[in-house]
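>>> I would like to see how this sequence folds:
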Amino acid sequence: MKFNAVTLEMLWTRLISIVDEAAAALVRTSFSTIVRESNDFACVLTDARGRSLAQATDSIPSFIGTVPRTIRHFLNEFPVDTLEPGDVLITNDIWLGTGHLPDITCAKPIFLKRKLVGFAGSVAHAPDIGGKMRSADAREVFEEGLQIPVMKVIRRGRIDPTFERFVRKNVRVPDQVMGDLWAQFTALHLIENRVLMVLAEHKLRTLADLADEIHRRSEAAMRAAIREVPNGVYHHSAVCDGFEKPIELKMAMTVKDESIAIDFAGSAAQVPRSINVCMAYTNAYTSYGVKAVLSPNIPNNEGVLRPVTITAPAGSILNSTPPAAGGARALMGHFLPMMVITALAKAMPQKVVATVGSPLWCINLSGVRRDTNSQSKSFTNLFFMNGGFGAAHDRDGANVLSWPSNISSTPVEMIEQLSPLHVKHRRLRTDSGGGGRYRGGTGQEILFENRSETPITVAFLAERTRAETAPSGISGGEAGAPGEVLINGERADPKIQHVIESGGLIELKTPGGGGYGAPAQRDATLIDADRVDGYVS
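Next up is the predicted model:
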């Protein structure tokens, strides 16, 4: 079947609106702040072969690359003739999913008259997955929690009761974990119903022809964008905090006509800590960096990714192998899109930004507190925060903006309602944005006090805390300030767990973004405005 431009645009927009509606339903029915407040989830529609067609607008960028791959893994385990209407498949396997155990991926086959036409897919970060509380110092995946193999969690509309009992027994907050899973199932059901309505309305018997047309046009648009980049090999390396010593990532990007090949040979080997990245996550965030520069306005789908090939040596920190831990893989993976952007800076200076104050930061905490009946009850929470954005050739970087993940900072009200932490202050971090003709965005400072009657255990995801890993400027711009983690006023190792006594203080200072252009070129009125606004001292 062929589609004219009007019909194609209408159908394509309908598919995106379907997954957007499913995302709204997931948020409104979820139990945890991770989904409800921070948007750490995705809803995706694929065709019958697991090729992505549409992704919810608010979804995490990496999941466009991971969810369709996971659905194809589902098909390898459960061929089409073993699937039935009402089934839901599930896994959190690191190497088949997103790279760490808290992300639980689900998919529901969509049938029209007993014929498989597509999959509704969803992934969400669970508030807990058991095991050791998430931190960068786990040494292998077995420490990190419950591993869910590829399986049918729902068969013909009925959940596996043993699965639910097993999950509830292994997590600290079972109602939140299962509540979020049911929210995911709700989103899948909504996608299924809406897709069948569209097929009936337009008298379509399958999504295959529509998928082929969307993929063909998206691929052509991406190839046209790549042709604007001069042929050549673009190199870049990045230095991450690491542990006892920094860790180096290396990248070579080969642009040839209308295709790009990116190789991470020379990057560090995987380590006995939880910052290892599986290939699916490496692929997803590297592709996102390419797309962010070259074709940001094309809706995410499989066709956009076809001209880009990504490789990394097996056993390296960017292509981990079992039993490597991966709970904190964002601390490495979030460097990748910035590496792509920086590599392209010489060829396309008007389309890139200075280094962003990412990776994403968060604080994990767990302990015991009394409920309304004065009974001791386990709790666990995970709260996100962000650094400053890099400056561009024509504007300052945004303050405290999530990138490359679009996870929102958790509101103070929710932190204080759901945990024993009291937020003594939360403010922009003066002098953290890198100087330049255009200034990098500022980070933030948050000071927590433990109001619990008993000690709590905390762990952090925090990066760019060394001077040599601070977010770099571009075209003469200065670096943003590195981050800091302080416990009771003293610098603390952000890569290990800490016990905080009652009344203890935790202060997090996120990095600022890099500046663009020489600081001497900054307009005097902008400098005065920065002082008035408190961005600089």
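>>> burial count for the nearest residue to Gln55 once chain neighbours are set aside?
Leaving out its chain neighbours, the residue that sits closest to Gln55 by C-beta to C-beta, 6 or more residues apart in numbering is Asn300, at 4.4 Å. Yep, even glycine has a C-beta here, placed from its N, CA and C like the rest. Asn300 has 25 neighbours, counted by other C-beta atoms under 10 Å.
>>> residue contacts, Asn300?
Asn300 makes contact with Ser52, Ala54, Gln55, Pro61, Ile64, Lys291, according to C-beta atoms under 8 Å, 6 or more residues apart in numbering.
>>> which phi and psi does it have?
Asn300 has phi and psi values of phi -60, psi 130 when expressed as degrees, to the nearest 10.
>>> for Pro404, see how far away it is.
Remark: distance between Asn300 and Pro404 (C-beta to C-beta, to the nearest Å) = 13 Å.
>>> same check, this time on Val88
From Val88 across to Pro404, the span is 29 Å (C-beta to C-beta).
>>> how close does the residue nearest to Gln55 sit to Pro337?
Relative to Pro337, Asn300 is positioned 14 Å away (criterion: C-beta to C-beta).
>>> would you list every one of the helices in the stretch 351-500 of the chain?
Secondary structure of the stretch 351-500 of the chain (DSSP state H, counting those that start in this stretch): helices located at 412-418.
>>> find the residues that touch each one of Asn300 and Pro404.
When C-beta under 8 Å, 6+ apart defines a contact, the residues bordering Asn300 and Pro404 alike are Pro61.
>>> contacting residues for Ser259?
Ser259 sits next to Arg223, Ile226, Pro307, Val308, Thr309 when contact means C-beta under 8 Å, 6+ apart.
>>> middle-most residue in this structure, spatially?
What sits nearest the mean C-alpha location of the chain, by C-alpha atoms, centre = their mean, is Ser405, with 4.4 Å.
>>> that one touches Asp58, doesn't it?
No - between Ser405 and Asp58 there is no contact, the gap being 11.7 Å when judged by C-beta atoms under 8 Å.
>>> just the pLDDT at Gln521, thanks.
In the prediction, the pLDDT value recorded for Gln521 is 97.
>>> and what of Thr372?
The score at Thr372 is 66. That number is its pLDDT.
>>> with the one 5 residues further on instead?
For Lys377, the pLDDT comes out at 81.
>>> do the same with the one 4 residues further on
Reported pLDDT at Asn381 in the predicted model: 90.
>>> that one contacts Asn364, correct?
Yes - here Asn381 reaches Asn364: they are 7.5 Å apart, a contact under C-beta under 8 Å.
>>> the more surrounded of the two?
Each of Asn381 and Asn364 has its neighbours counted (other C-beta under 10 Å); Asn381 has more, 26 against 20.
>>> what sits against that one?
If a contact means C-beta under 8 Å, 6+ apart, then Asn381 has Thr33, Pro127, Asn364, Leu365, Ser366, Ile415, Leu418, Ser419 as its contacts.
>>> can you tell me which of the residues you listed lies closest to His235?
Within those, proximity to His235 (C-beta to C-beta) peaks at Asn364, which comes in at 35.5 Å.
>>> only C-alpha atoms, please: export stretch 130-140 in PDB.
Presented in PDB, the C-alpha positions along stretch 130-140 are these (Å, rounded to 0.1, in the frame of the first residue of the first chain):
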ATOM      1  CA  GLY A 130      16.500  -5.800  45.600                       C
ATOM      2  CA  GLY A 131      20.100  -6.700  46.200                       C
ATOM      3  CA  LYS A 132      22.700  -4.100  47.200                       C
ATOM      4  CA  MET A 133      21.400  -0.500  47.000                       C
ATOM      5  CA  ARG A 134      22.400   0.900  43.700                       C
ATOM      6  CA  SER A 135      25.900   2.400  43.800                       C
ATOM      7  CA  ALA A 136      29.000   2.500  41.700                       C
ATOM      8  CA  ASP A 137      30.900   0.000  43.900                       C
ATOM      9  CA  ALA A 138      29.000  -3.200  43.100                       C
ATOM     10  CA  ARG A 139      31.500  -5.700  41.600                       C
ATOM     11  CA  GLU A 140      29.200  -8.000  39.600                       C
END
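>>> so what's the residue count around His125?
Each residue near His125 was counted by other C-beta under 10 Å, and the total is 22.
>>> that one: what's it in contact with?
Applying C-beta under 8 Å, 6+ apart to His125 gives the contacts Ile34, Val35, Asp40, Phe41, Pro102, Asp103, Leu382.
>>> at 10 Å instead, please
With contacts defined as C-beta atoms under 10 Å, 6 or more residues apart in numbering, the neighbours of His125 are 32, 34-35, 38-41, 60, 98, 100, 102-104, 180, 382, 384, 407.
>>> repeat that for His425.
Val412, Glu445, Ile446, Leu447, Phe448, Glu507.
>>> can I get those residues in a markdown table with pLDDT, distance to Ala284 and neighbour count?
Written out in a markdown table, the entries for the contacts of His425 read as follows (pLDDT from 0 to 100; distance: C-beta to C-beta, whole Å; neighbours: other C-beta atoms under 10 Å):
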| residue | pLDDT | distance to Ala284 | neighbour count |
| --- | --- | --- | --- |
| Val412 | 94 | 31 | 15 |
| Glu445 | 97 | 31 | 19 |
| Ile446 | 97 | 29 | 23 |
| Leu447 | 98 | 34 | 16 |
| Phe448 | 98 | 32 | 26 |
| Glu507 | 98 | 33 | 18 |
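>>> next helix or strand past whichever helix in the chain runs longest?
Secondary structure of the chain per DSSP state H: the longest helix is helix 174-201. Beyond helix 174-201 in the direction of the C-terminus, DSSP states H and E gives the next helix or strand as helix 208-226.
>>> mind listing what's buried along that next one?
By neighbour count with 16 or more other C-beta atoms under 10 Å, helix 208-226 contains the buried residues 208, 210-211, 213-215, 217-219, 221-223, 225-226.
>>> count of residues packed around Gly50?
Neighbours of Gly50 using other C-beta under 10 Å come to 22.
>>> buried subset of the contacts of Asn300 as a ChimeraX selection?
Of the contacts of Asn300, the buried ones go into a single ChimeraX selection, burial set by 16+ other C-beta under 10 Å:
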select :52,54,55,61,64,291
